[in-house]
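> Predicted structure and sequence below. I'll ask about it afterward.
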Amino acid sequence: MAVTADPGSALARCVSCPGEKFAALHWGRAPLLSTAAELDGRFDDLLDAAAVDELTSSRGLRTPFLRMAKDGAVLASSTFTRGGGAGASIGDQAADDKVLARLADGATLVLQALHRSWPPLVSFGSRLADELGHPVQINAYVTPPQNQGFAPHYDVHDVFVLQVAGRKRWTIHEPVVRDPLDNQPWEQRRAEVAARAAESPVIDTVLEPGDALYLPRGTIHSAKAEGDTSIHLTVGVHPVTRYQLVRHLFDALQDDAQLRASLPAGVDLSDPAVLAEHLAGAVARVAERLPDVDVAAVARAVGVNLTRRTRPEPVGPLAQLRAAETLDARTPLRARAGLRARLEGGAADAELRLVLLDRTITVPAAAAEALKAVLVGAPLTPGELPGLDAAGQLALARRLLREAVLVPA
């Protein structure tokens, strides 16, 4: 899969260079600043001030889907939440008047995981994850004028910053640790981060509405609103890493009886002199077995992990049932975008298995060519499904609509 930033793609809204150039020169390597003039657009169709008001006042938003911070410190949730009244008494819901008071006092509001709760960002996040091949999360940061929500820090995921409204000064410094993993957060290196942030920045710029900034994980950054209240989106990309591949490789060795064997009893295994022999033996056995690991098995493990961490295109349950009920041979259909489905089975099998996130669909082997046509992703009609008679075409299409594999085109 090639990374593209073709007009109309989600990535094209975030970067001002061709996708291939972004992948080669910037992805995981170097920041990229893209101005509104270069991107030829704005981001207020994804989120705007009215959306922020709606989310905090009438959507019943609960922690941890919102948090607030001021002067580099996260505020106690009790300062901006309370129960929602009769039938909704749980005390962790956004309290609009409390949020207002904290904003008026200079605190930053963070709306988290909007790729799961705000429809335009659900769609945008799904498309971007599909284009990049890595999981995506989206948060929004709302900062009053002349205030800074968080001290200089780094993230353990890559970030696209999309400036929605207002102006915000961003100060960017080189990493103190490159490509940090999830268990290597900036809090473990506070003194190093603070020292690096005191040096001359590599980027010091004010983002205007429509500007975008890409930051590889580990890049130290801080931001301060200027002028009007600032709203920006932080699109976090959680990359699959070589370290994760190593873990999958080791998982693939679980069938090795020598590696599963217990270490001796009655000895101090924390003593290097005692452990050395056993560690050397394990290393030798791993080195012997690794060349035999099936690449397809590792690829399946990576695929399962991606399926768990990404969300396909949302579907409306009632709309899907209605489409299944009214289906005919000419109904336009397409594969559900972002659905990581895997087809298992061959010509010798009586049934094929379509493996989804939390279930497996079995279908007759006669439907093999039809399923392959569906998974290609191009729009089609039931009457175009190959290898089946008219009744079989409708039966398969109806079932795949009910299973949310197909959606109306």
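Thanks, I have the structure now. Residues are numbered from 1 along each chain as shown.

> from the middle of its chain, how far away would the longest helix anywhere in the chain be?
Counting residues, the longest helix in the chain under DSSP state H turns out to be helix 272-289. Centre-to-centre, helix 272-289 and its host chain are 37 Å apart (Cα atoms, centre = their mean, to the nearest Å).

> list the buried ones in that helix?
Neighbour-count burial for helix 272-289 flags residue 289 (criterion: 16 or more other Cβ atoms under 10 Å). Where C-beta positions appear, they are placed from N, C-alpha and C, glycine not excepted.

> Show me what that helix packs onto, helices and strands only.
Packing partners of helix 272-289 (3 or more Cβ pairs under 8 Å, 6 or more residues apart in numbering; DSSP states H and E): helix 257-260.

> coming back round to it: which secondary structure elements does the following helix or strand past the longest helix of the chain contact?
Moving toward the C-terminus from helix 272-289, the next helix or strand (DSSP states H and E) is helix 295-309. If you count contacts as 3+ Cβ pairs under 8 Å, 6+ apart, helix 295-309 packs onto helix 242-251.

> what number of residues lie near residue 70?
Other residues near residue 70 come to 20 when the count uses other Cβ atoms under 10 Å.

> Residue 196 now?
Residue 196 is flanked by 17 other residues according to other Cβ under 10 Å.

> In a helix, it, correct?
Yes: with DSSP: H, G, I helix; E, B strand; the rest coil as the criterion, residue 196 is located in a helix.

> Does it touch residue 176 like I think?
Yes: counting by Cβ atoms under 8 Å, residue 176 is a contact partner of residue 196 at 5.3 Å.

> Now do the shared contacts for these two.
residue 220 (Cβ atoms under 8 Å, 6 or more residues apart in numbering).

> Can you tell me what sits against the longest helix of the chain?
Contact partners of helix 272-289, identified using Cβ under 8 Å, 6+ apart, comprise 250, 253, 256, 258-259, 263-264, 267-269.

> Export those as CSV, with columns for neighbour count.
Putting these into CSV (neighbours: other Cβ atoms under 10 Å) gives the following:
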residue, neighbour count
250, 14
253, 16
256, 14
258, 13
259, 14
263, 11
264, 9
267, 11
268, 9
269, 11
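
> for residue 235, helix, strand, or coil?
strand.

> what's near enough to touch it?
Residue 235 is in contact with 14, 125, 128, 136-138, 159-162, counting by Cβ under 8 Å, 6+ apart.

> Of those, just say which sits nearest to residue 304.
Ranked by distance to residue 304 (Cβ to Cβ), the contacts of residue 235 are led by residue 136 at 17.9 Å.

> So the closest one sits against residue 125, correct?
Yes: assessed by Cβ under 8 Å, residue 136 is found in contact with residue 125 at 4.7 Å.
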